[in-house]
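Engineer: sequence first, then the predicted structure:
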Amino acid sequence: MSRDKAPLRAVYGEQHDHLAHGQWLNELRAAGELGPLGRLVGALDSLLGMAVSGVFDGFAAAARRVPWPWLVVGALATVGTVRYLVEPETRQEVQTVLGAGISTVAASVAEIVMHREAAKRQFEKLLPVQPGWQKITAHATLRLR
(Lines give C-alpha, C1' and ligand atoms only; values in the text may rest on other atoms or scores of the structure.)
Protein backbone atom coordinates (compact mmCIF):
# COMPACT_ATOMS: atom_id res chain seq x y z
CA MET A 1 0.00 0.00 0.00
CA SER A 2 3.03 2.22 0.33
CA ARG A 3 3.99 4.77 -2.29
CA ASP A 4 7.62 4.89 -1.13
CA LYS A 5 9.83 3.96 -4.05
CA ALA A 6 12.63 2.18 -2.15
CA PRO A 7 10.39 -0.43 -0.46
CA LEU A 8 8.47 -0.92 -3.70
CA ARG A 9 11.73 -1.61 -5.55
CA ALA A 10 12.77 -4.03 -2.80
CA VAL A 11 9.52 -5.96 -3.09
CA TYR A 12 8.78 -5.75 -6.82
CA GLY A 13 12.25 -5.16 -8.33
CA GLU A 14 13.90 -2.30 -10.23
CA GLN A 15 11.54 -2.47 -13.21
CA HIS A 16 8.51 -1.76 -11.01
CA ASP A 17 6.02 0.59 -12.70
CA HIS A 18 5.10 3.21 -10.10
CA LEU A 19 2.29 4.66 -12.22
CA ALA A 20 0.63 1.26 -12.59
CA HIS A 21 1.07 0.73 -8.85
CA GLY A 22 -0.73 4.01 -8.13
CA GLN A 23 -3.52 2.98 -10.48
CA TRP A 24 -3.62 -0.42 -8.77
CA LEU A 25 -4.09 1.27 -5.40
CA ASN A 26 -6.97 3.33 -6.78
CA GLU A 27 -8.62 0.19 -8.18
CA LEU A 28 -8.04 -1.57 -4.86
CA ARG A 29 -9.87 1.21 -3.08
CA ALA A 30 -12.70 1.20 -5.65
CA ALA A 31 -13.23 -2.56 -5.74
CA GLY A 32 -12.59 -3.28 -2.09
CA GLU A 33 -15.20 -3.56 0.61
CA LEU A 34 -14.25 -0.10 1.87
CA GLY A 35 -14.63 1.52 -1.55
CA PRO A 36 -17.82 3.39 -2.44
CA LEU A 37 -19.12 0.66 -4.71
CA GLY A 38 -18.37 -2.02 -2.13
CA ARG A 39 -20.20 -0.07 0.57
CA LEU A 40 -23.19 0.52 -1.72
CA VAL A 41 -23.42 -3.14 -2.71
CA GLY A 42 -23.12 -4.11 0.97
CA ALA A 43 -25.88 -1.67 1.94
CA LEU A 44 -28.19 -2.97 -0.81
CA ASP A 45 -27.47 -6.53 0.27
CA SER A 46 -28.27 -5.68 3.90
CA LEU A 47 -31.46 -3.86 2.93
CA LEU A 48 -32.68 -6.76 0.81
CA GLY A 49 -31.77 -9.23 3.55
CA MET A 50 -33.70 -7.23 6.15
CA ALA A 51 -36.76 -6.99 3.88
CA VAL A 52 -36.80 -10.71 3.13
CA SER A 53 -36.18 -11.56 6.78
CA GLY A 54 -38.99 -9.24 7.88
CA VAL A 55 -41.49 -10.74 5.47
CA PHE A 56 -40.49 -14.27 6.43
CA ASP A 57 -40.67 -13.49 10.17
CA GLY A 58 -44.08 -11.88 9.68
CA PHE A 59 -45.44 -14.91 7.88
CA ALA A 60 -43.90 -17.24 10.46
CA ALA A 61 -45.43 -15.27 13.34
CA ALA A 62 -48.85 -15.30 11.64
CA ALA A 63 -48.55 -19.03 10.99
CA ARG A 64 -47.76 -19.67 14.66
CA ARG A 65 -50.78 -17.69 15.89
CA VAL A 66 -53.39 -18.62 13.29
CA PRO A 67 -54.10 -22.14 11.98
CA TRP A 68 -53.04 -22.49 8.35
CA PRO A 69 -56.56 -23.11 6.94
CA TRP A 70 -57.60 -19.68 8.25
CA LEU A 71 -54.53 -18.11 6.64
CA VAL A 72 -55.54 -19.60 3.28
CA VAL A 73 -59.14 -18.40 3.74
CA GLY A 74 -57.87 -14.92 4.69
CA ALA A 75 -55.57 -14.75 1.65
CA LEU A 76 -58.35 -15.84 -0.71
CA ALA A 77 -60.76 -13.34 0.88
CA THR A 78 -58.22 -10.54 0.44
CA VAL A 79 -57.66 -11.39 -3.22
CA GLY A 80 -61.39 -11.62 -3.84
CA THR A 81 -62.07 -8.31 -2.10
CA VAL A 82 -59.38 -6.54 -4.11
CA ARG A 83 -60.72 -7.99 -7.35
CA TYR A 84 -64.29 -7.03 -6.47
CA LEU A 85 -63.75 -3.55 -5.00
CA VAL A 86 -60.80 -2.22 -7.02
CA GLU A 87 -61.52 -1.31 -10.62
CA PRO A 88 -59.49 -3.10 -13.32
CA GLU A 89 -58.02 0.20 -14.57
CA THR A 90 -56.73 1.03 -11.09
CA ARG A 91 -55.24 -2.46 -10.67
CA GLN A 92 -53.55 -2.14 -14.07
CA GLU A 93 -52.18 1.29 -13.16
CA VAL A 94 -50.79 -0.01 -9.86
CA GLN A 95 -49.19 -2.98 -11.65
CA THR A 96 -47.63 -0.63 -14.22
CA VAL A 97 -46.21 1.69 -11.56
CA LEU A 98 -44.88 -1.20 -9.46
CA GLY A 99 -43.40 -2.87 -12.53
CA ALA A 100 -41.66 0.34 -13.60
CA GLY A 101 -40.33 0.90 -10.08
CA ILE A 102 -39.04 -2.64 -9.75
CA SER A 103 -37.41 -2.58 -13.19
CA THR A 104 -35.73 0.78 -12.42
CA VAL A 105 -34.35 -0.53 -9.14
CA ALA A 106 -33.19 -3.75 -10.80
CA ALA A 107 -31.44 -1.80 -13.58
CA SER A 108 -29.73 0.46 -11.03
CA VAL A 109 -28.51 -2.48 -8.96
CA ALA A 110 -27.28 -4.27 -12.10
CA GLU A 111 -25.33 -1.18 -13.17
CA ILE A 112 -23.74 -0.78 -9.72
CA VAL A 113 -22.72 -4.43 -9.65
CA MET A 114 -21.38 -4.15 -13.21
CA HIS A 115 -19.19 -1.15 -12.25
CA ARG A 116 -17.93 -2.96 -9.15
CA GLU A 117 -17.05 -6.05 -11.19
CA ALA A 118 -15.22 -3.88 -13.76
CA ALA A 119 -13.21 -2.26 -10.95
CA LYS A 120 -12.46 -5.70 -9.53
CA ARG A 121 -11.25 -6.99 -12.93
CA GLN A 122 -9.03 -3.92 -13.34
CA PHE A 123 -7.63 -4.48 -9.85
CA GLU A 124 -6.82 -8.11 -10.66
CA LYS A 125 -5.21 -7.09 -13.96
CA LEU A 126 -2.91 -4.62 -12.18
CA LEU A 127 -2.03 -7.05 -9.38
CA PRO A 128 1.71 -7.79 -9.43
CA VAL A 129 2.66 -11.24 -10.69
CA GLN A 130 2.82 -13.69 -7.80
CA PRO A 131 5.14 -16.69 -7.91
CA GLY A 132 3.48 -20.09 -7.90
CA TRP A 133 3.82 -22.65 -5.11
CA GLN A 134 6.35 -24.72 -7.08
CA LYS A 135 8.57 -21.70 -7.67
CA ILE A 136 8.46 -20.76 -3.98
CA THR A 137 9.35 -24.29 -2.83
CA ALA A 138 12.10 -24.60 -5.46
CA HIS A 139 13.60 -21.31 -4.30
CA ALA A 140 13.36 -22.39 -0.64
CA THR A 141 15.04 -25.74 -1.30
CA LEU A 142 17.86 -24.03 -3.22
CA ARG A 143 18.48 -21.73 -0.28
CA LEU A 144 18.57 -24.64 2.15
CA ARG A 145 21.32 -26.42 0.20
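Structural biologist: Happy to help now that I have it.
Engineer: CA atoms for contacts and neighbours, from now on please.
Structural biologist: OK.
Engineer: now do stretch 83-94, average pLDDT.
Structural biologist: When pLDDT is averaged over stretch 83-94, the result is 89.
Engineer: run through who's touching it.
Structural biologist: Contacts made with stretch 83-94 from outside it, assessed by C-alpha atoms under 8 Å, 6 or more residues apart in numbering, are absent: no residue qualifies.
Engineer: longest helix in the chain, by number of residues?
Structural biologist: Ranked by residue count and defined by DSSP state H, the top helix of the chain is helix 88-126.
Engineer: so which bits of it are buried?
Structural biologist: Applying a neighbour-count criterion of 16 or more other C-alpha atoms under 10 Å, one finds 112-113, 116, 119-120, 122-123, 126 buried in helix 88-126.
Engineer: do the same with stretch 63-72
Structural biologist: Taking 16+ other C-alpha under 10 Å as the basis for neighbour counts, none of the residues of stretch 63-72 comes out buried.
Engineer: please begin residue numbering at 466 from this point
Structural biologist: All set: I'll call the first residue 466, so the last point we hit is now stretch 528-537.
Engineer: gap between the two ends of it?
Structural biologist: 10 Å (C-alpha to C-alpha, to the nearest Å).
Engineer: ok, stretch 544-559 next?
Structural biologist: Between the opening and closing residues of stretch 544-559 lies a distance of 15 Å (C-alpha to C-alpha).
Engineer: measure Ala601 to Val594 for me?
Structural biologist: Quick fix: residue 601 is Ile, not Ala. 13 Å.
Engineer: picking that back up, next secondary structure after the longest helix of the chain?
Structural biologist: From helix 553-591 onward toward the C-terminus, using DSSP states H and E, the following helix or strand is helix 598-609.
Engineer: thank you kindly, that will do.
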